[in-house]
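Enquirer: Here is the input, now give the coordinates:
(one chain, ligands or ions: 2)
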Amino acid sequence: MNIGLFFGSFNPIHTGHLIIASTALNNLPLSQVWFVVSPQNPLKKNQSLLAADKRLLLVQKATEDDSRFLVSDAEFNLPIPSYTIDTLNYFEKQYSEDTFYLIMGSDSFLQLPQWKSYKELSEKNIIVYQRPDYIIPETTLAANITLLKSPLLNISATSIRDLIKDGKNIKYLVPEKVQQLIEQGNLYK
Ligand SMILES: Nc1ncnc2c1ncn2[C@@H]1O[C@H](COP(=O)(O)OP(=O)(O)OP(=O)(O)O)[C@@H](O)[C@H]1O
Ligand SMILES: O=C(O)c1ccc[n+]([C@@H]2O[C@H](COP(=O)([O-])O)[C@@H](O)[C@H]2O)c1
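Expert: Residues are numbered from 1 along each chain as shown. Ligands and ions are numbered 1, 2, ... in the order given. Reported below is the predicted structural model:
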């Protein structure tokens with residue numbers, strides 16, 4: 001089976017993430033997308049990072065009605081910070097009959113040279129969703145990199161956290177169930 005791995009801090013998960021995962025499924029021969037929640041991005045020092053188990057719950061709620069989506073907490077049991085190459089090696093060993101594709105936004109893709117084992121990672125199957133301000137010209141890409149042709153999504157977890165802090169409404173930017181949990185838990189205030 002071909003599986004898309006969508007790694008992220010998901011602080012919180014937003015509608016953009018769901019559109020990216022669905023677009024990858026629609027454009028490539030993938031059977032599933034696994035949302036892999038990272039306790040700690042090695043390159044991000046984020047003061048407003050919600051506890052990992054709470055972010056995981058939000059991702060579970062956001063994806064529970066879509067059978068194409070699965071959620072993984074594999075990185076909760078691996079060393080922190082969460083290095084993608086280590087988790088990918090773990091998945092490849094654990095599910096040796098499956099083929100994995102990494103899904104990421106173009107901001108992450110452009111940052112790849114700073115990631116652990118960059119050379120090894122850059123030879124994997126990678127699916128990239130273009131992001132405003134981080135546009136990658138298609139001509140520069142190797143054959144293992146797929147650039148999705150889809151509308152740009154001007155939405156980020158940072159802007160959602162800012163809206164919440166300012167007491168604004170985040171309706172439609174996150175799934176309804178996620179909005180409810182954020183409001184009930186008074187999260188990101
Ligand atoms: N609007 C978007 N367009 C393209 N890729 C995106 C978008 N939002 C998130 N991604 C990608 O999703 C993955 C997980 O991102 P992440 O959970 O950090 O969300 P974020 O919105 O970038 O968060 P933050 O604003 O806190 O940095 C990354 O690969 C990122 O590039
Ligand atoms: O492996 C690395 O060196 C590495 C460096 C930076 C980011 N990552 C991973 O990239 C994913 C996306 O990060 P984020 O915070 O933008 O959602 C997340 O799973 C991080 O652990 C991984």
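Enquirer: Make sure residue 11 is actually in contact with residue 157.
Expert: Yes. Contact criterion Cβ atoms under 8 Å: residue 11 and residue 157 qualify, at 5.0 Å. Any C-beta I mention is one placed from the backbone N, CA and C, and that applies to glycine too.
Enquirer: show me what contacts the residue of the chain most remote from its centre?
Expert: Distance from the centre of the chain peaks at residue 167, with 25.8 Å (Cα atoms, centre = their mean). Counting by Cβ atoms under 8 Å, 6 or more residues apart in numbering, residue 167 touches no other residue.
Enquirer: Within the helices and strands, which one has it?
Expert: If you go by DSSP states H and E, residue 167 is not part of any helix or strand.
Enquirer: Write out the residues of this structure neighbouring ligand 1.
Expert: By the rule Cβ under 6 Å from any ligand atom, the part of the chain lying against ligand 1 is 8-11, 16-17, 20, 104-105, 107-108, 129, 131, 153, 155-158.
Enquirer: for whichever residue of the chain sits closest to ligand 1, what are its contacts?
Expert: Residue nearest to ligand 1 within the chain: residue 105 (2.2 Å; Cβ to the nearest ligand atom). Counting by Cβ under 8 Å, 6+ apart, residue 105 makes contact with 20, 128-131, 134.
Enquirer: now do 6 Å
Expert: 129, 131 (Cβ atoms under 6 Å, 6 or more residues apart in numbering).
Enquirer: Same question for the one 4 residues further on.
Expert: With contact taken as Cβ under 6 Å, 6+ apart, residue 109 is in contact with residue 128.
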